[in-house]
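A.B. asks: just need the structure, nothing else, for what follows:
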Amino acid sequence: DDDDDDDETVLLRRMKDIVLREREMLETLLNADDRNFHAWNYRRFLIDTISRYHFSDDYRRNKEEEVGVIKKRTREEETKYAREKISKNFSNYSAWHHRSVHFEQFDEGRDDEEGTENPSSSSSSKLSLQFQAVLNAEFELVSQAFFTEPEDQSAWMYHRWLLSQLDEYSSSSSSSKKAYKIQTLQRELHRIRDVSEMEPTCKWPALVCARLHARLAKETRDADDPAVATTHAAQAKELFERLIVLDPLRKGYYADVLGRLVL
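C.D. replies: Numbering: from 1, shown residues only. The predicted structure follows:
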C-alpha cells in the first residue's frame, strides 16, 4: 500500500508540474494572441484537469467533497479571466464563449421554484433572485460591447446565449419567472433599439430587435394580451422586411421567418 501511495505521489507530482507549465505557456500565448481559439480550447482542457485532480501541496488528491469547492473557485477564476480579456477586446468571441462555459453562477437558482410550500422555499426564492441579478449583470456587460462595436457579431452571439438562459430559467409554471422574462425582454428591446437608432445601417441591432419583438408577441399572447401581441408582431414584421434590404444575402432566411410569423 505504501508503494502504491508513493507511485501515486510521483505521478501526481509529474502531472502537476506538466499542467502548471502548460498553463503558464498558455498565459503567454493568449497575451500575444487573445483570440486564438486553439489556445482557449486547450485552456479549458487544462482547467478541467486541474479541477478533477486538484494537486494539493503534498501532491495528494483531495477528497471528493473538496473537489466541488475547488471546481467552483476555479470556474469563478476563469470567468474573471475571460472578463479581463473581453474588456481589452470586445470582439474576442473565444473569451465570450469561455465566459459562458465557466459561468458557474448560472447553475444556482435556475431550477428553483418560488412559492412552493416547503421549508426551503425562502432559500429557493433567494437563489432565484440571485440568478436574476447575475443574468441582469451579464446583459449589462454585453450591452457595453453593442455601443462600442455594434458591427461585431461576438457580443450579439453571447446576447443570444443569454436569452436562451432566460428561456430555460422561465420555462416553469412560476408566474414571477414569466413576469421577469417579459420585463427582461422589454428592457433589452429598449436598450438595443437605442443602438439601432445610432447605427441605422447595421443589421445586428435590427435583427435582435426583430427577434425580441417576435418573442414578446408570443409571450404577451400567452399572457392573454392580444392587443400588445399584435403590436409586437407588426413591428417584428416591419423589421424583418427592412432586414431584407439591409442584409440581402440572407433575404431567403428573412422571407422564411416572415412566412412563419404569427400576426
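A.B. asks: what's the following helix or strand after the helix or strand of the chain with the lowest mean pLDDT?
C.D. replies: Every helix and strand in the chain was compared by mean pLDDT, DSSP states H and E; the lowest is helix 2-32, with a mean of 75. Next helix or strand after helix 2-32 toward the C-terminus (DSSP states H and E): helix 37-53.
A.B. asks: and that next one, what does it pack onto?
C.D. replies: Helix 37-53 is packed against helix 2-32, helix 64-88, helix 93-101, with contacts defined by 3 or more Cβ pairs under 8 Å, 6 or more residues apart in numbering; DSSP states H and E. Where you see a C-beta, it was placed from the backbone N, CA and C, and this is true even at glycine.
A.B. asks: got the CA positions of the last one in PDB?
C.D. replies: Once non-C-alpha atoms are left out, helix 93-101 reads as follows in PDB (Å, rounded to 0.1, in the frame of the first residue of the first chain):
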ATOM      1  CA  TYR A  93     -15.600  35.600 -29.400                       C
ATOM      2  CA  SER A  94     -13.400  32.900 -27.700                       C
ATOM      3  CA  ALA A  95     -13.400  34.900 -24.500                       C
ATOM      4  CA  TRP A  96     -17.200  35.300 -24.600                       C
ATOM      5  CA  HIS A  97     -17.600  31.600 -25.100                       C
ATOM      6  CA  HIS A  98     -15.200  30.800 -22.300                       C
ATOM      7  CA  ARG A  99     -17.200  33.000 -20.000                       C
ATOM      8  CA  SER A 100     -20.400  31.100 -20.800                       C
ATOM      9  CA  VAL A 101     -18.800  27.700 -20.300                       C
END
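A.B. asks: which other residues reach stretch 75-84?
C.D. replies: 47, 51, 95-96, 98-99, 102-104, 141 (Cβ atoms under 8 Å, 6 or more residues apart in numbering).
A.B. asks: let's go with 10 Å and repeat that
C.D. replies: Outside stretch 75-84, the residues within contact range by Cβ atoms under 10 Å, 6 or more residues apart in numbering are 27, 30, 34, 40, 43-44, 47, 51, 92, 94-105, 107, 141.
A.B. asks: roughly how far out does it sit from the chain middle?
C.D. replies: Offset of stretch 75-84 from its chain centre (Cα atoms, centre = their mean, to the nearest Å): 13 Å.
A.B. asks: kindly report the same for stretch 163-170.
C.D. replies: On Cα atoms, centre = their mean, the centre of stretch 163-170 falls 10 Å from the chain's centre.
A.B. asks: same check, this time on stretch 186-193
C.D. replies: 18 Å.
A.B. asks: what mean pLDDT does it get?
C.D. replies: Stretch 186-193 shows a mean pLDDT of 97.
A.B. asks: tell me the buried residues within the contacts of stretch 75-84.
C.D. replies: Neighbour counting with 16 or more other Cβ atoms under 10 Å marks 30, 34, 40, 43, 47, 51, 92, 94-100, 102-105, 141 as buried within those.
A.B. asks: wouldn't V134 be in contact with F103 here?
C.D. replies: Yes. Assessed by Cβ atoms under 10 Å, V134 is found in contact with F103 at 7.9 Å.
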